[in-house]
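Novice: pasting the sequence and the predicted model now:
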Amino acid sequence: MDQNARDLEILLDAGRIEARVRELASQISNDYRGLTPHLVGVLKGAWVFMADLIRQLSVDASVDFLGIQSYGPNTNSSGEVKITKDLDVSIAGRHVLVVEDILDTGHTYHYLEGVLAAHHPASLRLVTLLDKTSRRVIPVRANYVGFEIPNVFVVGYGLDYNQMYRRLPDVRILALAPSS
Ligand code: 5GP
Ligand code: MG
């Protein structure tokens, strides 16, 4: 699948993403007023979103990253999740806000939620830029959602296909996802 990036249909353009990220940041800043949330970004897809989000927050926030792999080189979720980079600092007693690029089947966040909750954070919430609710297998919900999107495989704004397309400023549709 070597489609030229410019031929891919735009689902969300950079301007729309920027405006929505600003709204999410304002909501999060209000909810965490007086607290210092600890943002845990899920590598690698979420780092572009996280970089934009943190710059729009009006509360101070600390940052850590968790590396996970939930997909192989194809676009189907195996339901298997592997931690490739652990947290650097303890989250015990912290107000943890997990930052995800996209919620799909829910397998990844369901697994992460269990791992993180076991370390006794003061609170644990999730912000995801994109949410494919129609694909959900495990009923997980995000506290903050940027955009609900249909069942299509998207790339850009940090999201990849085989490490390609992360650099694109818009979210584009790569191909129709299989109907499973
Ligand atoms: P879940 O475990 O919820 O099925 O999948 C979550 C992960 O699958 C996301 O963090 C992301 O890495 C990957 N994923 C799911 N849908 C898409 C998509 O449309 N595009 C890309 N690039 N990754 C996706
Ligand atoms: Mg992800």
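Specialist: Received it, and whenever you're ready, just let me know what you need. Numbers count the residues shown, from 1 in each chain. Ligands and ions are numbered 1, 2, ... in the order given.
Novice: please count neighbours and contacts with C-alpha atoms only from this point.
Specialist: Will do.
Novice: which positions in this protein make contact with ligand 1?
Specialist: Counting by C-alpha under 6 Å from any ligand atom, the chain comes close to ligand 1 at 45, 77, 101-108, 152-155, 159-161.
Novice: could I have the longest helix along the chain exported to CSV, CA atoms only?
Specialist: Using DSSP state H, we find that the single longest helix of the chain is helix 14-31. Output of helix 14-31 as CSV, limited to C-alpha atoms (Å, rounded to 0.1, in the frame of the first residue of the first chain):
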residue,chain,number,x,y,z
ALA,A,14,-5.2,20.9,10.6
GLY,A,15,-7.4,23.9,11.4
ARG,A,16,-10.2,21.8,12.7
ILE,A,17,-7.8,19.7,14.8
GLU,A,18,-6.2,22.9,16.2
ALA,A,19,-9.6,24.3,17.2
ARG,A,20,-10.7,21.1,18.9
VAL,A,21,-7.4,20.7,20.7
ARG,A,22,-7.9,24.2,22.1
GLU,A,23,-11.4,23.3,23.4
LEU,A,24,-10.1,20.1,25.0
ALA,A,25,-7.3,21.9,26.7
SER,A,26,-9.7,24.5,28.1
GLN,A,27,-12.0,21.8,29.4
ILE,A,28,-9.1,19.9,31.0
SER,A,29,-7.6,23.0,32.5
ASN,A,30,-10.9,23.8,34.1
ASP,A,31,-11.3,20.2,35.5
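Novice: show me what that helix is packed against.
Specialist: Contacts defined by 3 or more C-alpha pairs under 8 Å, 6 or more residues apart in numbering; DSSP states H and E place helix 14-31 against helix 47-54, strand 144-148.
Novice: please identify the buried residues of stretch 126-140?
Specialist: Using 16 or more other C-alpha atoms under 10 Å as the test for burial, stretch 126-140 gives 126-133, 135, 140.
Novice: kindly report the same for stretch 33-41.
Specialist: Under 16+ other C-alpha under 10 Å, the buried positions of stretch 33-41 are 37-41.
Novice: endpoint to endpoint, that stretch covers what distance?
Specialist: Counting by C-alpha to C-alpha, to the nearest Å, you get 20 Å between the two ends of stretch 33-41.
Novice: run the chain-centre distance for that stretch.
Specialist: 16 Å (C-alpha atoms, centre = their mean, to the nearest Å).
Novice: what does it contact?
Specialist: Stretch 33-41 has contacts (C-alpha atoms under 8 Å, 6 or more residues apart in numbering) with 47, 50, 59-66, 91, 94-100.
Novice: list the contacts of residue 17.
Specialist: Counted by C-alpha under 8 Å, 6+ apart, residue 17 has contacts residue 170.
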